[in-house]
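> my questions concern the predicted model and sequence given below.
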Amino acid sequence: MRFAVISDIHSNLAALQSVFKDIDARGVDHVYCLGDIVGYGPSPNECIQLVRERCTAVVMGNHDSGVLGKTPLTHFNEFGRSAIKWTKKEITPEHLLYLNSLPLLAVHGDVTLAHASPMDPSDWIYIMTWPAAQRCFESFKTKLCFIGHTHVPVTITEGASTNQFTRNSRHLINVGSVGQPRDGKPQASFYLVDTEEWTAENIRTGYEIQETAKAIEHAGLPDFLAERLFLGI
Ligand code: ZN
């Protein structure tokens, strides 16, 4: 089986469309989404629509939860807060219901999906260190677990200090962010996994950042939310 895992779209339609085009060209059986479909960006309804149509399994992110009023606004920085307030005005009732239907955790065969971590998904903790990543392995039973939230892609192998993607080990994979990468590379990030070949590859896809930046300006969202996209921060 070949599948793609996407996360942290953040209402960036141009990035999401480019990623789906790339995924289609490579051919996959499933696309999984780790949440934060909305927040920060200018196209929440269009992004939710696409994710609903294209993804086999979707979990809820903290920005989705923020728009639903389930995670308090104090949890977010000023840019996150203003975008959540803006999104609340823009989102259709149907799409709000859809976000509300999303689980915090999903298990599909040998794959666990969570937005921030599999430990206590609604705590929205950031897995930034090797010890924190290793602790995650106690909280899932599958061979693979995918997370997002930090917007920085990385593959962690259980018990190993370097990534060794082998069939005999378990792995925690942060797939990075489609709509707001923060690892200094502005290209949209996702993972492509082949369970026959047993490969997991971080793919980077370029898109028209200018298009999203213009839409951010048009929506009246903070300028920084456009500027950061060009820098990958
Ligand atoms: Zn995010």
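Structure's in. What do you need?
> need the residues of the protein near the ion, please.
In this structure, the chain approaches the ion at residues 8, 36, judged by CB under 5 Å from the ion. Quick note: C-beta positions are derived from backbone N, CA and C, even for glycine.
> can you give me the strands in the chain?
Remark: strands assigned in the chain by DSSP state E are 2-6, 30-33, 57-58, 105-108, 111-114, 144-147, 154-157, 171-174, 188-194, 199-205.
> with distance to residue 40 and mean neighbour count added, can I get those strands in a markdown table?
Formatted as a markdown table, the strands of the chain follow (distance: least, CB to CB, whole Å; neighbours: other CB atoms under 10 Å):
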| stretch | distance to residue 40 | mean neighbour count |
| --- | --- | --- |
| strand 2-6 | 16 | 24 |
| strand 30-33 | 16 | 23 |
| strand 57-58 | 18 | 22 |
| strand 105-108 | 23 | 17 |
| strand 111-114 | 20 | 26 |
| strand 144-147 | 18 | 26 |
| strand 154-157 | 21 | 19 |
| strand 171-174 | 18 | 24 |
| strand 188-194 | 14 | 24 |
| strand 199-205 | 18 | 16 |
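> pipe those into TSV and attach distance to residue 20 per row.
Formatted as TSV, these follow (distance: least, CB to CB, whole Å):
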stretch	distance to residue 20
strand 2-6	9
strand 30-33	8
strand 57-58	14
strand 105-108	19
strand 111-114	18
strand 144-147	18
strand 154-157	23
strand 171-174	20
strand 188-194	10
strand 199-205	10
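> redo these as TSV? Include mean pLDDT.
Formatted as TSV, the strands of the chain follow (pLDDT from 0 to 100):
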stretch	mean pLDDT
strand 2-6	98
strand 30-33	98
strand 57-58	98
strand 105-108	97
strand 111-114	98
strand 144-147	98
strand 154-157	95
strand 171-174	97
strand 188-194	98
strand 199-205	97
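> out of the ones you listed, flag the one nearest residue 99.
Closest approach to residue 99 among these (CB to CB): strand 57-58, 9.4 Å.
> can you list the strands that the closest one pairs with?
Strand 57-58 pairs in its sheet with strand 30-33 (parallel), by DSSP bridges.
> what sits up against the strand it pairs with?
Outside of strand 30-33, the residues within contact range by CB atoms under 8 Å, 6 or more residues apart in numbering are 1, 3-7, 9, 20, 23, 51, 54-59, 106, 108, 111, 113, 146.
> what's the per-residue pLDDT of residue 163 here?
Reading off the confidence values, residue 163 has pLDDT 79.
> please tell me how far the residue lying farthest from the centre of the chain sits from the ion.
With distances taken as CA atoms, centre = their mean, the residue sitting farthest from the centre of the chain turns out to be residue 168, at 26.4 Å. The spacing between residue 168 and the ion, counted by CB to the ion, to the nearest Å, is 32 Å.
> same check, this time on residue 152
In this view, residue 152 and the ion are 11 Å apart by CB to the ion.
> and the pLDDT for residue 78?
Residue-level confidence at residue 78 comes out at 96, pLDDT.
> and it, what does it touch?
By CB under 8 Å, 6+ apart, the neighbours of residue 78 are residue 222.
> so what's the residue lying closest to residue 228 once chain neighbours are set aside up against?
For residue 228, the nearest residue in space outside its immediate sequence neighbours is residue 180; the separation is 6.9 Å by CB to CB, 6 or more residues apart in numbering. With contact taken as CB under 8 Å, 6+ apart, residue 180 is in contact with 8, 10, 12, 40, 41, 151, 228, 229.
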